[in-house]
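1. model this:
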Amino acid sequence: MEVEITNGQNIIQLLFDEFASCLVIETALTVNWPDCAGSVGEYYALSSYSSDKRKDLTDSLNQVLIDGDEKTVFNSVKEFLNLFSNGNYNVNLGTMKLDACNFMCEGQVKYSENVAINRRFSGAFYPYPYDKVNVFFTTPNSTINNERVEYYKRLIQNGLKPKVITYKLYNPVNADFTACYIIDGHHKTKAYIELGFDIPTIKIVKTELVKRHTQAILNASAPILKDFEFEHFLIENDKNLENVNFIEDSFLTSKLDGILSKRSRLGIGIIKLFLKLDKSKDEKNLNWLIERLKILSKNDTIGNGLILRFFGFSESLNFDCWTYDEINNRNDFNNWINKTLPNNGYNA
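-> Next comes the predicted model:
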């Protein structure tokens, strides 16, 4: 079933910028982003917040999803879609096959005592084999009621097929999907998994040309990420940071300042942002950039591992590419500014 929503309430949103995706219902519930450290690993974080709004929104669907006929189910879901953002949606009744899905939920990663607590990501996985669908639980374990799971197990064993609702976004430009998020049916999903049965599913897919959602993703996801997770999330987003309006966003600017003051490596996305602002004729943009460079000039790791990227000729590779300078003192820093950001006039 194809559905076009033209007056959506934006209560349920899936934000995506081809780097990360973030499910929002009232507040960010789950965020997923890549490792970017030479592996195919990915990270995810789940909010400890249990959305009462979601329960209110889906309660009216519950009985229909248990025993409603296909027409009734589709009509109810079509009405439910008015809570989403505007756009084109495809709704299908299908099956999540257990052997074709990676189910991601809270507490799956077990770290050894050798890994510092402040370096333990909330969730991590390798999306392998690649033909499996990554399905994210979007509610914490503490909200799963075992009696409710047992209730659904009895219904299933008695022949009923209560349905789960999932949601993902599709970008047709490069045929890229987000991960798949469970909107409703966590207890049902647990019941099916424990019984070893494939899961009847209402699959909602929104087709959308990816917009510049990076700023919204960063702001929405910050409360559910540990500080070092957020820094990783921001540093590694190479393609999108130059489109974020940091100048008018004091919260994101403060987060960026923390990175500039203490991290030994800045992502290419941060340098691209600086390059864009360095070419600006707007005094406000240039002043903002100069303030960031002042903070960077006092970075804790100068002389102790700080590297700064620039796009230029690599003698070792014999062509232009992203390369870096090691910054050991103020002269190194000023030389890097003069060749990378020559227009703003700042020197330490």
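2. Can you name the helix or strand that P342 falls in?
-> Assigned by DSSP states H and E, P342 belongs to no helix or strand.
3. is it true that it touches D278?
-> Yes: at 7.4 Å, P342 counts as touching D278 under the criterion of C-beta atoms under 8 Å. For every residue, glycine as well, the C-beta is placed using N, CA and C.
4. Tell me which of the two has more neighbours.
-> Relative neighbour count places D278 above the other of P342 and D278, with 20 against 10, counting by other C-beta atoms under 10 Å.
5. Apart from its neighbours in sequence, what residue is nearest that one?
-> Leaving out its chain neighbours, the residue that sits closest to D278 by C-beta to C-beta, 6 or more residues apart in numbering is L341, at 4.3 Å.
6. quick one: the helices in the stretch 51-200 of the chain?
-> 52-67, 70-80, 146-157, 186-195 (DSSP state H, counting those that start in this stretch).
7. Find the one among these with the highest mean neighbour count.
-> helix 186-195 (a mean of 21; mean count of other C-beta atoms under 10 Å).
8. Who are the packing partners of it?
-> helix 146-157, strand 164-171, strand 199-207 (3 or more C-beta pairs under 8 Å, 6 or more residues apart in numbering; DSSP states H and E).
9. Pull up the pairing partners for the second one, direction included.
-> Pointing back at strand 164-171 there. Strand 164-171 has the following sheet partners, assigned by DSSP bridges: strand 176-177 (antiparallel), strand 180-184 (antiparallel), strand 199-207 (parallel).
10. Quick one: closest of the helices and strands packed on helix 186-195 to F16.
-> strand 164-171 (5.1 Å; C-beta to C-beta).
11. residues making contact with that closest one?
-> Contacts to strand 164-171, defined as C-beta atoms under 8 Å, 6 or more residues apart in numbering, come from residues 12, 14, 16, 18, 21, 23, 58, 61, 65, 77, 96, 135, 176-185, 188-189, 192, 199-210.
12. Any chance you could give me it in PDB, C-alpha atoms only?
-> The C-alpha coordinates for strand 164-171 follow below in PDB (Å, rounded to 0.1, in the frame of the first residue of the first chain):
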ATOM      1  CA  VAL A 164       4.900  -6.000  14.900                       C
ATOM      2  CA  ILE A 165       5.400  -2.500  13.300                       C
ATOM      3  CA  THR A 166       8.800  -1.600  11.900                       C
ATOM      4  CA  TYR A 167      10.100   1.600  10.200                       C
ATOM      5  CA  LYS A 168      13.000   2.400   8.000                       C
ATOM      6  CA  LEU A 169      13.900   5.000   5.500                       C
ATOM      7  CA  TYR A 170      15.000   4.600   1.800                       C
ATOM      8  CA  ASN A 171      17.100   7.000  -0.100                       C
END
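13. how distant is stretch 191-210 from the center of its chain?
-> Counting by C-alpha atoms, centre = their mean, to the nearest Å, stretch 191-210 is centred 19 Å from the centre of its parent chain.
14. From the centre of this structure, give me the residue that's furthest out.
-> N158 (38.8 Å; C-alpha atoms, centre = their mean).
15. So, low pLDDT: which residues of the stretch 101-250 of the chain?
-> 106-119, 127-129 (pLDDT under 70).
16. again, 80 this time
-> Scanning the stretch 101-250 of the chain for pLDDT under 80 picks out the ranges 106-131, 210-212.
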